[in-house]
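Visitor: only geometry, no sequence info:
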């Protein structure tokens, strides 16, 4: 170890500064979601004609979507595990599975939104009760859907780099950082599913 | 720099998450008080989130200070919920279904 090594390694994440950066970004992003959910709670608690979410939204499709995201989290973890064992092909396959999971999730959300909009639910309209129900529903699930979309693009970029042979057992930190983002999207959905659909 | 920690049992965590999701869906149909159901749902969601963060995001194997950074939003958002309580108590709004057909009554009166 040279005494005058310029940039010291990240104190919290010895692997890379990027990993610390992702964690700090995720903490900030979590506050955005937290603020949305807290606002949802305040609006709902102050309303006298809030509909029962599980009756308006339907749980079965969303339960499937939740399961899908958990599965894609598992395949993400398996992708990282594969490249850490030097298995680049395994990583590509697991990343592809993760991407497919994310795309199906987005498809389900588009289907769900289409049906709800057909039923009259909108940003300012709601035939089932308080119109703010529609406002908050589309704002929160839309914000999460945007994160899934970004995640699918992010996954695709890393997978293409993987196909080009960029990652190996010795160099896979960027795959780990990608995993952090993807698991965060899963974690947020767990919260959204509970607060917006089940409660 | 490679991690030397043993790989956690990912499949075990996955099964636990799946089972908890199923229990969550079952709980909402239980014939018990809404407050108890709500408490159970929030607890299970927090357990699931903790499982994802601890094992999938490897937080359990990171430095403790990184965990503090990760926990900060939870603390602040809980605080935010209590800060919003006065708003809830002050403005009970019962804005029912707003349909575009009915023109705002205030305009027609003028």
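Guide: Arrived safely, thanks for sending. Please read these numbers as outputs of a predicted model, since none were measured by experiment.
Visitor: Please count neighbours and contacts with C-alpha atoms only from this point.
Guide: Will do.
Visitor: can you map out the helices along the chain?
Guide: All of this refers to chain A. A:17-45, A:53-57, A:60-84, A:88-118, A:132-163, A:173-192 (DSSP state H).
Visitor: nope, chain B please
Guide: Here chain B has its helices, by DSSP H, at B:10-27, B:34-51, B:64-83, B:85-90, B:105-109.
Visitor: mind checking which of those helices is nearest residue A:196?
Guide: helix B:34-51 (11.6 Å; C-alpha to C-alpha).
Visitor: so for that closest one, what's the average pLDDT?
Guide: The pLDDT scores in helix B:34-51 average 92.
Visitor: Return the list of helices and strands in contact with it.
Guide: helix A:173-192, helix B:10-27 (3 or more C-alpha pairs under 8 Å, 6 or more residues apart in numbering or on different chains; DSSP states H and E).
Visitor: The last one vs helix B:34-51, what angle?
Guide: Counting by axes from the mean of the first three to the mean of the last three C-alpha atoms, to 10 degrees, helix B:10-27 points 170 degrees away from the direction of helix B:34-51.
Visitor: before we move on, back to that, make JSON lines out of the helices of chain B and add mean neighbour count.
Guide: Formatted as JSON lines, the helices of chain B follow (neighbours: other C-alpha atoms under 10 Å in any protein chain shown):
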{"stretch": "helix B:10-27", "mean neighbour count": "16"}
{"stretch": "helix B:34-51", "mean neighbour count": "17"}
{"stretch": "helix B:64-83", "mean neighbour count": "15"}
{"stretch": "helix B:85-90", "mean neighbour count": "13"}
{"stretch": "helix B:105-109", "mean neighbour count": "7"}
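Visitor: can you put those in JSON lines and add distance to residue A:23?
Guide: Below are these laid out as JSON lines (distance: least, C-alpha to C-alpha, whole Å):
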{"stretch": "helix B:10-27", "distance to residue A:23": "21"}
{"stretch": "helix B:34-51", "distance to residue A:23": "15"}
{"stretch": "helix B:64-83", "distance to residue A:23": "7"}
{"stretch": "helix B:85-90", "distance to residue A:23": "30"}
{"stretch": "helix B:105-109", "distance to residue A:23": "50"}
